[in-house]
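In: I would like the atomic coordinates for the input below:
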Amino acid sequence: MDDDDAIARSLAGDLDAYEVLVARYSAVAHRTAALLGAGDETEDVVQEAFVKAFRHLAGFRRDSAFRPWLLRIVANETHNLTRSRGRRADLSVRLGREREPYEPEEPEEAAVAAEDRSRLLEAVRRLPERERETVVCRYFLQLSEAETASVLGVRLGTVKSRTFRGLKRLREEVGRELLP
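Out: Take a look at the predicted model:
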């Protein structure tokens, strides 16, 4: 069942159809919340986002993609959480779950690769919130510029300028060899 069918059936009251959407987008919703700073409360943020998405499904524009719409709700819920905490958002990336497709065979190479990832993630954590959100959406979640704009609720030009500034700061901090 594709998204359009699942949405139509959900709107008609079929909870099993909405469960298909939850199963399909749960992993990306969790990654989004965690990378945007939900930390230990990622599960709560995602659950609340799916509940809100269901409540407002009737207002969803059927000519749009469901994924960016849902991720915008996740981003908003995460932003609300981090704002209510009263401190800067903290990225929670579990490197063990996000393995590279190629693992170096030599212990020295593995240590260098782990150190590089750690340096990069620390640098991303220190970015200003708006730049961090944009870099996370573009490079960690691999969203297009248009999807990132939709998720963050900003214009495409804003995504481009925040990405440029964020990558510039990261290059200055960790060097060009680690960045696109």
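In: The residue most central in space within the chain: helix or strand, and which one exactly?
Out: For the chain, Thr32 is the residue whose C-alpha lies nearest the centre (CA atoms, centre = their mean; 2.5 Å). Applying DSSP states H and E as the criterion places Thr32 in helix 15-35.
In: just checking, what packs against that helix?
Out: Applying 3 or more CB pairs under 8 Å, 6 or more residues apart in numbering; DSSP states H and E, one finds that helix 15-35 contacts helix 3-11, helix 42-55, helix 66-85. No exception for glycine: its C-beta is placed from N, CA and C like everyone else's.
In: Let me see the residues that make contact with that helix.
Out: Residues from elsewhere that reach helix 15-35 (CB atoms under 8 Å, 6 or more residues apart in numbering): 1, 3, 5-10, 42-43, 45-46, 49-50, 54, 57, 66-67, 70-71, 74-75, 77-78, 91-94, 136-137, 140-141, 151.
In: by how many degrees do that helix and helix 42-55 diverge?
Out: Angle, helix 15-35 to helix 42-55, by axes from the mean of the first three to the mean of the last three CA atoms, to 10 degrees: 140 degrees.
In: Next, the buried residues of helix 15-35.
Out: For helix 15-35, a neighbour-count test (16 or more other CB atoms under 10 Å) marks 17-18, 20-22, 24-25, 28-35 as buried.
In: that older thread, can you tell which of the helices and strands packed on helix 15-35 is closest to Leu170?
Out: Of all those, it is helix 66-85 that lies closest to Leu170, at 20.4 Å by CB to CB.
In: Quick one: work out the angle between that closest one and helix 15-35.
Out: 50 degrees.
In: How far away from the center of its chain is helix 66-85?
Out: Relative to the centre of its chain, helix 66-85 is centred 9 Å away, using CA atoms, centre = their mean, to the nearest Å.
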